[in-house]
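K.L.:
After the sequence you'll find the predicted model.
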Amino acid sequence: MTDTGRDIPRGTVSRTAKLASLPLGAAGRATLGIGKRLSGRSSEEVNAELQQRTAEQLFAVLGQLKGGAMKLGQQLSIFEAAVPDEVAGPYREALVKLQEAAPPMPVKTVHAVLNQQLGGRWRERFREFDDAPAAAASIGQVHRATWRDGREVAVKIQYPGAGPALMADLTQLARFARLFAALFPGMEVKPLIAELKARVVEELDYGLEADAQRTFAAAYAGDAQIVVPRVVASAPKVIVSEWLEGIPLSRIIAEGTKAQRDRAGLLLAELHFSGPERAGLLHADPHPGNFRLLDDGRLGVIDFGATARLPDGHPEPIGRLVQWALDGRAEDVLTDLRREGFIRESVEVDAQGVLDYLLPFLEPVAVPRFRFTRRWMQEQAARIGDPRSDASRLGRQLNLPPAYLLIHRVTIGSIGVLCQLDAEAPYRGVVEEWLPGFAA
């Protein structure tokens, strides 16, 4: 087998064995923990050690396999803010690593892909090309280079075999959903995996991604808040775009100042709500590895593999329903939720009960300024995650229409990042400016 085939283990047996090591490893550690308790160590000490080992294995397996395994890990990392600190603490560092890093592919493989995608004389397109990757993620890695006209560029190269690996991983990981549910209480992992599988084809097509990036770049050209690098060249498995220098959001989450956190949070909200109105697209992959805070205070966006096409902007009923809920119009909210398919006609619910369920989620836009915190998100997760609570019982009666699935997932993911940032900003003003139907 050539070097180009060794980057992502593609054999079903090989990948299945690695993924199976996750639940097997958890079972083995549990057995070991029992033995240590019998030897006299405290349960708290043993549990802390077991959690740390689980975190290390989770990162090692998901990161090594790249593909769908790492894609799921990156998505889970967004939602760690919803998990209680005593549970999430040991996993947090490992999960954050998944936002920015993955083992690189061999240099020979990099050159082979460039030769195939950009032609045998690909080196003539660059003045310089750095063989060491500047970043590596789930289905591709980025190299820094200098284009032939002197521009600093980022060269995004897809891993050979990424497609089959992505689908095989996600199918296999769905069988281990219970393990991830144990690590992330209240997290519905199977629907997340199903949604990721539905978008695999688009994310693997760098031609579609380049088109989306061009659309965003045109929409935000000269913008004072958001910058999108222009595409210099593209092929089905390679994208060359202008280089953006800035601080990754993962670093700001770990060690950023309050001003940096608040600024990043405000601009993430601006991108989320303005994109559909300005570009007809929703950026649909909000994990921190896709964003940079530039020295001039702008937010740099560097990955467009996942986008939702919203040519008419955000659906107007979203803004209208939010406004009516904040105004306390319980009956109107219930009527419109039924009309839009969020509550089926056969389901009997109390209008005020539905309003009471929704209002805590709307707190960030009910006040002029709001601070997103892990505690706030944990409270929401606990409120709807306890099967004995009224909120949980009502939540199970609600329906999410297909047209709103991706919007919902991206919104929740973005909120997860805002909570990791501990960001305070005037979010209501952003929503008033961009969300149709709100405060009209």
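P.N.:
Received it, and whenever you're ready, just let me know what you need.

K.L.:
distance between stretch 427-440 and the chain's centre?
P.N.:
For stretch 427-440, the distance between its averaged C-alpha position and the chain's averaged C-alpha position is 24 Å (C-alpha atoms, centre = their mean, to the nearest Å).

K.L.:
could you pull out the strands for the stretch 101-250 of the chain?
P.N.:
Residue ranges of the strands in the stretch 101-250 of the chain, as given by DSSP state E, counting those that start in this stretch, are 126-136, 140-147, 152-158, 226-227, 231-235, 238-242, 247-248.

K.L.:
JSON lines for the ones you listed, including distance to residue 194?
P.N.:
Heads up, the C-betas are built off the backbone N, CA and C, glycines and all. Written out in JSON lines, the entries for the strands of the stretch 101-250 of the chain read as follows (distance: least, C-beta to C-beta, whole Å):
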{"stretch": "strand 126-136", "distance to residue 194": "26"}
{"stretch": "strand 140-147", "distance to residue 194": "23"}
{"stretch": "strand 152-158", "distance to residue 194": "23"}
{"stretch": "strand 226-227", "distance to residue 194": "31"}
{"stretch": "strand 231-235", "distance to residue 194": "29"}
{"stretch": "strand 238-242", "distance to residue 194": "27"}
{"stretch": "strand 247-248", "distance to residue 194": "29"}
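
K.L.:
And the ones you listed: which comes nearest residue 315?
P.N.:
Closest of these to residue 315 is strand 226-227, at 22.3 Å (criterion: C-beta to C-beta).

K.L.:
partners of the closest one, with directions?
P.N.:
Note on strand 226-227: by DSSP bridges, its sheet partners are strand 299-301 (parallel).

K.L.:
any idea which helix or strand comes after the strand it pairs with?
P.N.:
Moving toward the C-terminus from strand 299-301, the next helix or strand (DSSP states H and E) is strand 307-309.

K.L.:
got a list of what the residue lying closest to residue 314 once chain neighbours are set aside touches?
P.N.:
Nearest residue to residue 314 in three dimensions, chain neighbours excluded: residue 276, at 5.0 Å (C-beta to C-beta, 6 or more residues apart in numbering). Taking C-beta atoms under 8 Å, 6 or more residues apart in numbering as the criterion, residue 276 is in contact with 282, 308, 310, 313-314.

K.L.:
picking up where we left off before, to residue 211, which of the strands of the stretch 101-250 of the chain lies closest?
P.N.:
Closest of those to residue 211 is strand 231-235, at 8.4 Å (criterion: C-beta to C-beta).

K.L.:
now the strands of the stretch 101-250 of the chain in a markdown table, with distance to residue 339, mean neighbour count and mean pLDDT?
P.N.:
Rendered in a markdown table, the data for the strands of the stretch 101-250 of the chain read as follows (distance: least, C-beta to C-beta, whole Å; neighbours: other C-beta atoms under 10 Å; pLDDT from 0 to 100):
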| stretch | distance to residue 339 | mean neighbour count | mean pLDDT |
| --- | --- | --- | --- |
| strand 126-136 | 45 | 15 | 92 |
| strand 140-147 | 42 | 20 | 94 |
| strand 152-158 | 43 | 22 | 96 |
| strand 226-227 | 34 | 22 | 98 |
| strand 231-235 | 41 | 19 | 97 |
| strand 238-242 | 41 | 22 | 97 |
| strand 247-248 | 42 | 18 | 94 |
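
K.L.:
With respect to residue 351, which of the ones you listed lies nearest?
P.N.:
Taking C-beta to C-beta as the criterion, residue 351 comes closest to strand 226-227 out of the strands of the stretch 101-250 of the chain, the separation being 39.0 Å.

K.L.:
Quick one, grab the pLDDT at the residue nearest to the spatial centre of the chain.
P.N.:
Of all residues in the chain, the one closest to the mean position by C-alpha atoms, centre = their mean is residue 287, 3.6 Å from it. At residue 287 the predicted local confidence, pLDDT, stands at 85.

K.L.:
That one and residue 413 touch, don't they?
P.N.:
Yes - counting by C-beta atoms under 8 Å, residue 287 sits close enough to residue 413 to count as a contact (7.4 Å).

K.L.:
quick one: the helices in the stretch 301-440 of the chain?
P.N.:
If DSSP state H, counting those that start in this stretch is used as the criterion, the helices of the stretch 301-440 of the chain fall at 316-326, 330-340, 351-358, 363-366, 374-385, 390-395, 402-421, 427-434.

K.L.:
So what touches the third one?
P.N.:
Here helix 351-358 makes contact (C-beta under 8 Å, 6+ apart) with 325, 328, 330-331, 333-334, 337, 343, 390-391, 394-395.

K.L.:
Nearest residue to residue 274 in space, please, no chain neighbours.
P.N.:
residue 434 (4.9 Å).

K.L.:
and that neighbour, what does it touch?
P.N.:
When the contact criterion is C-beta under 8 Å, 6+ apart, the partners of residue 434 are 270, 273-274, 277, 314.

K.L.:
And what about the residue nearest to residue 314, helix, strand or coil?
P.N.:
Assigned with DSSP: H, G, I helix; E, B strand; the rest coil, residue 276 falls in the helix class.

K.L.:
pLDDT value on it, please?
P.N.:
Reading off the confidence values, residue 276 has pLDDT 97.

K.L.:
Residue 415 versus residue 376, what's the distance?
P.N.:
As judged by C-beta to C-beta, to the nearest Å, residue 376 and residue 415 stand 9 Å apart.

K.L.:
now the helices for the stretch 151-300 of the chain?
P.N.:
The residue ranges that make up the helices of the stretch 151-300 of the chain, judged by DSSP H, counting those that start in this stretch, are 162-175, 177-183, 189-198, 200-204, 206-219, 249-255, 258-278.

K.L.:
ok, residue 398 touching residue 342?
P.N.:
Yes - counting by C-beta under 8 Å, residue 398 touches residue 342, with 5.9 Å between them.

K.L.:
Show me which of the two is the more surrounded one.
P.N.:
residue 342 (19 against 15; other C-beta atoms under 10 Å).

K.L.:
got the phi/psi numbers for the more buried one?
P.N.:
As for residue 342, its main-chain torsions (degrees, to the nearest 10) stand at phi -70, psi -30.

K.L.:
could you redo the helices of the stretch 151-300 of the chain as CSV and give each row distance to residue 115?
P.N.:
Rendered in CSV, the data for the helices of the stretch 151-300 of the chain read as follows (distance: least, C-beta to C-beta, whole Å):
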stretch, distance to residue 115
helix 162-175, 18
helix 177-183, 39
helix 189-198, 31
helix 200-204, 20
helix 206-219, 16
helix 249-255, 32
helix 258-278, 35
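
K.L.:
If you average pLDDT over each of the ones you listed, which is lowest?
P.N.:
Set side by side, the helices of the stretch 151-300 of the chain differ in mean pLDDT, and helix 177-183 is lowest with a mean of 58.
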